[in-house]
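1. When you get a sec, could you give me coordinates for this:
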Amino acid sequence: MSIDFRSEAEAMRDELIARRRDFHAHPELGFEEVRTAGIVAKELTDLGLEVQPGVGKTGVVAMLEGAHDGPTILVRADMDALPIREENRTEYTSENPGKMHACGHDGHTSIALGVAKLLSAHKDQIAGRVKFVFQPAEELGKGAQAMVNDGVLSDPRPDFSVGLHLWNSMPVGEIGIADGPVMAGASTFDIKVTGKGSHAASPHQGVDPVVCAAQMVTAFQSITSRNVNPLDTVVLSVTTIHAGDAYNVIPQFAKMSGTVRYFKTEVRDVVKARMQDICDHLSAAMGCTAKLEFDSMTIPVVNNAEVGAQLRTAFEPMVSAMHLDERTMGAEDVSLLMDDIPGTYFFVGAKDETADAYYGHHHPKFSIDEDSLPLAAALLSTAVATFVLPES
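-> Down below sits the predicted model:
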């Protein structure tokens with residue numbers, strides 16, 4: 001029997017929107033998602049699912065067991081907000097000062113709960129099981145690892161993994177679903193350059209760490225242009241520099257931090273090694289010392305080609321356009337739930353065409369078109385059904 005998830009999700013429109021607006025009005029930061037997780041756990045329990053709260057501190061895992069044997073499909077949604085003061089003015093503007101859902105996670109949580117409800121209604125037809133993973137702290141890059149550490153990928157281990165991201169630069173009705181890497185791995189770095197302080201009028205009596213740091217910033221850019229294969233993609237950005245407190249003092253220290261984004265872990269390793277070389281040798285040449293701390297937060301999100309092909313076939317009648325090359329240097333720790341599990345993570349258009357101007361993800365005026373919610377719920381339900389409801 002064919003299941004029309006589009007019509008069933010459309011019938012849930014008001015519920016999806018109301019839930020998303022409630023989450024939007026009550027945003028919680030990473031590992032603080034107590035209210036959100038409580039609502040999620042209650043709704044899933046009310047659906048009759050086997051629910052396990054407190055996974056990865058504030059994460060929730062729920063199992064929907066089908067009536068027949070089959071594969072296990074992991075469905076992931078992130079729940080956390082950002083430390084941003086919202087500038088939108090709506091009836092559901094954030095009520096928590098300095099906190100905002102500025103990336104669509106409020107929508108993701110509502111969508112995944114809708115999918116749980118849609119699939120629960122067809123439980124007797126499901127051949128396999130669906131493991132719903134509501135993850136904390138995606139914006140910190142630590143939530144997925146915390147859940148993995150608590151065993152989210154075992155008992156049972158998923159055979160496939162699916163998930164989505166609302167994408168407010170893409171019109172509603174369109175999706176991005178590429179094979180291979182679609183979101184970058186992310187690393188952060190901190191560098192402390194130590195020189196010798198002196199009076200600014202007598203620089204020859206000291207060793208200036210600010211000049212050394214400035215030289216490093218420039219030298220780092222040669223890594224991407226001269227040490228990495230031009231056919232590979234990498235971004236190295238120094239985003240903070242702090243040194244000194246006075247106009248007339250050459251400081252003792254200069255500190256820098258930033259991020260590296262990449263689609264291949266071997267490229268990350270090249271960048272890290274070259275940054276270390278530059279820190280060691282350039283600082284020595286200028287009479288300073290430099291200490292590099294490099295933290296690999298997430299790995300790239302890599303879509304499985306076979307899974308992607310199946311989903312594209314299933315999605316084609318439901319969307320107006322499919323972008324097969326949609327990629328971003330933004331990072332997502334869902335990659336840890338897909339590392340050696342075949343899966344696909346796709347983008348669902350959510351551009352708010354009624355807004356006076358476009359504001360991207362992580363902006364204080366970020367917004368979405370809520371028409372994207374029922375479509376996204378239908379798409380994610382269809383993705384799961386492709387594996388556990390093969391006749392749908």
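2. Going by C-alpha atoms from here, please, whenever you check contacts or count neighbours.
-> OK.
3. The longest helix along the chain - contacts with which helices or strands?
-> In the chain, taking DSSP state H as the definition, the longest helix is helix 265-285. Helices and strands touching helix 265-285, by 3 or more Cα pairs under 8 Å, 6 or more residues apart in numbering; DSSP states H and E, are helix 209-222, strand 253-262, strand 289-298.
4. any chance of those in a markdown table, with distance to Gly244 and mean pLDDT too?
-> Output for those, formatted as a markdown table (distance: least, Cα to Cα, whole Å; pLDDT from 0 to 100):
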| stretch | distance to Gly244 | mean pLDDT |
| --- | --- | --- |
| helix 209-222 | 9 | 98 |
| strand 253-262 | 7 | 98 |
| strand 289-298 | 16 | 97 |
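5. could these go into CSV alongside distance to Phe132 and mean neighbour count?
-> Shown next, in CSV, are those (distance: least, Cα to Cα, whole Å; neighbours: other Cα atoms under 10 Å):
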stretch, distance to Phe132, mean neighbour count
helix 209-222, 42, 18
strand 253-262, 28, 21
strand 289-298, 21, 18
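6. returning to that earlier point: pull the CA atoms of the longest helix of the chain into PDB?
-> C-alpha atoms of helix 265-285 as PDB (Å, rounded to 0.1, in the frame of the first residue of the first chain):
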ATOM      1  CA  THR A 265      40.600  14.700   7.100                       C
ATOM      2  CA  GLU A 266      44.000  14.200   5.300                       C
ATOM      3  CA  VAL A 267      43.800  17.900   4.300                       C
ATOM      4  CA  ARG A 268      43.200  18.800   7.900                       C
ATOM      5  CA  ASP A 269      46.300  16.900   8.800                       C
ATOM      6  CA  VAL A 270      48.400  18.800   6.300                       C
ATOM      7  CA  VAL A 271      47.100  22.200   7.500                       C
ATOM      8  CA  LYS A 272      47.800  21.300  11.100                       C
ATOM      9  CA  ALA A 273      51.400  20.200  10.400                       C
ATOM     10  CA  ARG A 274      52.100  23.300   8.400                       C
ATOM     11  CA  MET A 275      50.600  25.500  11.000                       C
ATOM     12  CA  GLN A 276      52.900  23.900  13.600                       C
ATOM     13  CA  ASP A 277      55.900  24.400  11.300                       C
ATOM     14  CA  ILE A 278      55.100  28.100  10.900                       C
ATOM     15  CA  CYS A 279      54.600  28.600  14.600                       C
ATOM     16  CA  ASP A 280      57.900  26.900  15.500                       C
ATOM     17  CA  HIS A 281      60.100  28.400  12.800                       C
ATOM     18  CA  LEU A 282      58.700  31.900  12.200                       C
ATOM     19  CA  SER A 283      58.500  32.600  15.900                       C
ATOM     20  CA  ALA A 284      62.100  31.500  16.300                       C
ATOM     21  CA  ALA A 285      63.200  33.700  13.400                       C
END
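7. Can you add distance to Phe160 and give the helices and strands packed on helix 265-285 back as TSV?
-> Formatted as TSV, the helices and strands packed on helix 265-285 follow (distance: least, Cα to Cα, whole Å):
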stretch	distance to Phe160
helix 209-222	39
strand 253-262	24
strand 289-298	20
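8. Identify whichever of the ones you listed lies nearest to Ala378.
-> Closest approach to Ala378 among those is made by strand 289-298 (28.7 Å; Cα to Cα).
9. Show me what the closest one pairs with in its sheet, parallel or antiparallel.
-> Under the criterion DSSP bridges, strand 289-298 sits next to strand 180-194 (antiparallel) in its sheet.
10. Can you name the next helix or strand after the partner strand?
-> Following strand 180-194 in sequence order, the next helix or strand is strand 198-199 (DSSP states H and E).
11. average pLDDT for that next one?
-> Averaged across strand 198-199, the pLDDT comes to 98.
12. ok, now stretch 91-101?
-> Here stretch 91-101 scores 98 as its mean pLDDT.
13. Could you check how far that stretch is from the centre of its chain?
-> Computed by Cα atoms, centre = their mean, to the nearest Å, the separation of stretch 91-101 from the middle of its chain amounts to 20 Å.
14. If we go by neighbour counts, what in that stretch is buried?
-> Residues Thr93, Ser94, Lys99, Met100, His101 are the ones in stretch 91-101 that count as buried (16 or more other Cα atoms under 10 Å).
15. Tell me, how many residues neighbour Ala273?
-> 12 (other Cα atoms under 10 Å).
16. what residues are up against it?
-> By Cα atoms under 8 Å, 6 or more residues apart in numbering, the contact set of Ala273 is empty.
17. can you check Leu380 too?
-> Ala112, Val115, Val162, Gly163, Leu164.
18. try His26
-> Here His26 is in contact with Ser94, Glu95, Asn96 (Cα under 8 Å, 6+ apart).
19. before we move on, what about Cys288?
-> Val193, Thr194, Gly195, Lys196, Val207, Asp208, Pro209, Cys212.
20. any idea how far it is from Ala144?
-> Per Cα to Cα, to the nearest Å, Cys288 is found 39 Å from Ala144.
21. which non-adjacent residue is nearest Cys271?
-> Cys isn't right for residue 271; it's Val. Using Cα to Cα, 6 or more residues apart in numbering and skipping residues adjacent in sequence, the residue nearest Val271 is Ile223, 6.6 Å away.
22. Now compare the contacts of Cys288 and name the two farthest from each other.
-> So, the contacts of Cys288 by Cα to Cα: farthest apart are Lys196 and Cys212, at 11.6 Å.
23. could you list every residue that touches the residue nearest to the spatial centre of the chain?
-> Centroid check for the chain by Cα atoms, centre = their mean gives Glu332 as the closest residue, at 2.9 Å. Counting by Cα under 8 Å, 6+ apart, Glu332 makes contact with Glu138, Gly141, Met183, Ala184, Gly185, Thr298, Pro300, Val301.
24. For the third one, report the pLDDT, please.
-> Looking at Met183, its pLDDT stands at 98.
25. just the last one next, same as before
-> Reported pLDDT at Val301 in the predicted model: 98.
26. What number of residues are in the vicinity of it?
-> So Val301, with other Cα under 10 Å, has 28 neighbours.
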